[in-house]
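Give the three-dimensional model of this entry:
(one chain, ligands or ions: 1)
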Amino acid sequence: MAKIIVYNNDTDRMEVFHRAENEPMPYNEGGTLTVGEFRGKSKSPTLWTTKRVMEAWNATRKAYGAPIPVGYAFRRPWEGGHADQSQHYAGTALDSGQALTNTQRNRLRTLAQQLGVWVYVEPANLTPTWVHTDRRQNPPACPGGGYPSLRRGSRSVYVLILQDSLNSAGYAAGELDGVFGEQTERALKNYQKARGLAADGIAGCAVWRRLMAEVVGNGRKTGTVD
Ligand SMILES: [Zn+2]
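Residues are numbered from 1 along each chain as shown. Alright, predicted model coming up:
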């Protein structure tokens with residue numbers, strides 16, 4: 001059983017679901033993406049994504065017209081496995097098509113590009129044996145890509161990355177709710193002070209670079225909250 005936090009892009013609200021591993025993800029149509037497929041090897045009791053990601057998957061799966069094997073979508077930053085700007089930590093990326101033939105996978109990749117429902121589809125030369133699609137939120141705080149700037153009042157799956165990473169680094173941002181409130185701001189300012197960064201309570205490029213460099217792949221810590 002997983003707790004799944006979904007950012008509903010239509011209402012600007014964070015929604016919470018509880019689903020078994022073999023049940024479909026929230027907003028998934030036709031049972032084409034289970035909780036277990038979405039989590040892959042992640043052992044986290046809590047997962048997160050957005051309604052738009054599920055809609056993009058539904059459209060892709062419908063257009064492809066046949067089952068699509070999914071390697072994984074989600075991972076917590078401290079579980080590692082990807083670079084520090086990974087959209088998998090936001091729950092906005094899917095790696096799929098691993099068990100397909102090259103021809104099938106190329107059709108899937110082309111389809112995903114043509115549908116226009118994803119923000120980014122990785123080219124075949126970078127990931128030839130799977131198809132990485134993601135519906136990231138732009139613009140990124142850093143020029144080279146990554147996560148958007150966040151501040152008091154922000155609400156998104158990126159706030160969940162921030163809260164999870166601050167907790168993991170020993171700065172108590174409290175419950176993972178995806179809402180940048182007083183406690184998240186206090187934790188962030190304390191983190192900024194401790195690292196010699198401007199304590200403005202805004203998660204911008206410098207904060208993301210520093211924080212993710214510390215947390216990614218570092219394993220579960222005593223401060224980690226689910
Ligand atoms: Zn990927």
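
got the contact list for the spatially most central residue of the chain?
Ranked by distance to the mean C-alpha position of the chain (C-alpha atoms, centre = their mean), the top residue is residue 90 at 1.6 Å. By C-beta atoms under 8 Å, 6 or more residues apart in numbering, residue 90 lies in contact with 48, 136, 137, 147, 157, 158, 160, 161. Using the backbone N, CA and C atoms, a C-beta is placed for each residue, glycine as well.

if you look at those, which of them are in helices?
In helices, defined here by DSSP state H, the members of the contacts of residue 90 are 157, 158, 160, 161.

How many neighbouring residues does residue 202 have?
19 (other C-beta atoms under 10 Å).

show me what contacts it?
Counting by C-beta under 8 Å, 6+ apart, residue 202 makes contact with 149, 150, 151, 188.

pretty sure residue 91 is touching residue 49, no?
Yes - Residue 91 is within contact range of residue 49, at 3.7 Å (criterion: C-beta atoms under 8 Å).

Please enumerate the strands of this protein.
Taking DSSP state E, the strands of the chain run over residues 2-8, 13-19, 46-50, 70-72, 93-96, 120-121, 131-134.

Leaving out the residues flanking it, which one is nearest to the residue in the chain that the ion sits nearest to?
At 3.6 Å from the ion, residue 132 is the closest residue in the chain, using C-beta to the ion. Excluding its sequence neighbours, the residue lying closest to residue 132 (C-beta to C-beta, 6 or more residues apart in numbering) is residue 122, at 3.8 Å.

can I see the domain layout of this protein?
For the chain, automatic domain parsing gives the domain ranges 2-134, 139-226.

okay if I get those domains as CSV plus mean pLDDT?
Listed next are the domains of the chain as CSV, based on pLDDT from 0 to 100:
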stretch, mean pLDDT
domain 2-134, 97
domain 139-226, 97
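
how deep is the spatially closest residue to residue 113 that is not a sequence neighbour tucked in, by neighbour count?
Nearest residue to residue 113, sequence neighbours excluded (C-beta to C-beta, 6+ apart): residue 121, at 4.8 Å. Using other C-beta under 10 Å, residue 121 has 22 neighbouring residues.
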